[in-house]
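1. coords please:
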Amino acid sequence: MPSNPLTVFDREEIRAGIERKDPDEVIAAGLGRHRCTINAEIRRNGGRKAYSAVSAGQRAVCERKRPKTPKLIADPGLAREVGRRLKAKDSPKRISIELAAEGHHISHECIYQAIYNPESGLESGCHHGLHLRRQRRKHRGRTTPGGHSLGEFNPISARPAIADERVEVGHLEGDLIVGAMNRSAIITVFDRTTRYLWLQKLGSKSADDTFTAMLILLTRIPARLRLTMTWDQGAEIARWAELTRRRNIDIYIADPKAPRQRPTNENGNAPVRRYVGKGTDLSIYTTRQLRHIEQRINTIPRPTLNWATAHDIYTHTVAMTR
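-> Predicted coordinates for the structure are as follows:
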């Protein structure tokens, strides 16, 4: 069963959309769903000419009640092999691919469900082999700009198209690197075009501390090169509107669960981690140490920059725009 199944309300909205002759994409957007979900729901329930919200709901209930033995309970040998590989810290995706090559077909989603379900056929504690070692899955609730704790923010879809092209310096991506027990953090900001990095010490992940730290960080960037900044939907950026006014920079918020929309920051945080490590207390790093890390990373030749350094390209741009 999907983690977020269609509700009675959803099915009534689908029925109403069909009567209005709305395409699947429009119905999906209104419900915050993927168009494939809507398309599959309509197809499996007779198509647009025969769709009934009541009948579709009854069918879904009956299908959820069907008896089914979990795959790893039905095959103890397969369960032992999956458990062994999880203990060896192989990812469910890798396990699925390698077992398929050996003639055993089990999806990575099935493995994840088994890890988080104590009655699935796997031994308890298998989550320790996962990268994030979570004991349970995070709830993937739907998030919309109107109902978010950030208020009526600017979605990334409204960001100027030139920011995507990486031809203009001044379009930034920001995020936090979080320390052990979520008790310390460092702000990382990258320029999308040059990959230039700025780091800022942060007292806590609170919106107030993040706001104060970002005020300091942005003063290090020339005003003419503070065009846009993209951030995720973390509560730490709740004072984005005030930051926009104080530092005259347009801030855009990425879609939920979409790190691909901030690739420069997501990829750039990896080399930062080489210096500060995972699961460490980040409060021990001084501003001087962070400047040293910046300098080291900004002077690494990069293939994406034709083996130039972020420092050389960015400083050249600053000189040219004076």
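2. Looking only at stretch 194-209, what residues are buried by neighbour count?
-> Buried residues in stretch 194-209, counting neighbours by 16 or more other C-beta atoms under 10 Å, are found at 194-202, 205, 207. C-beta here means a position set from N, CA and C on the backbone, and glycine is covered the same way.
3. what does the average pLDDT come to for that stretch?
-> Averaged over stretch 194-209, pLDDT sits at 93.
4. quick revisit: in helices only, show me the buried residues of stretch 194-209.
-> Ala207 (DSSP state H).
5. for the record, mean pLDDT for the helix or strand containing Leu172?
-> Taking DSSP states H and E as the definition, Leu172 sits inside strand 171-178. For strand 171-178, mean pLDDT rounds to 96.
6. who does it touch, helix- and strand-wise?
-> Contact partners of strand 171-178 among helices and strands, from 3 or more C-beta pairs under 8 Å, 6 or more residues apart in numbering; DSSP states H and E: strand 185-191, strand 228-231, helix 263-276.
7. Quick check: which of those is nearest to Leu176?
-> The minimum distance between Leu176 and the helices and strands packed on strand 171-178 falls on strand 185-191, with 4.7 Å, by C-beta to C-beta.
8. just how off-centre is that closest one within its chain?
-> On the basis of C-alpha atoms, centre = their mean, to the nearest Å, strand 185-191 sits 16 Å off its chain's mean C-alpha point.
9. nearest to Pro271, of the buried residues of stretch 194-209?
-> Within these, the smallest distance to Pro271 is 8.6 Å, found for Leu197 (C-beta to C-beta).
10. do you know how far the closest one is from Ala163?
-> Separation of Leu197 from Ala163 (C-beta to C-beta, to the nearest Å): 18 Å.
11. Before we move on, what's the pLDDT of the residue positioned nearest the centre of the chain?
-> Centroid-nearest residue in the chain: Lys257, 3.3 Å away (criterion: C-alpha atoms, centre = their mean). Listed pLDDT for Lys257 reads 84.
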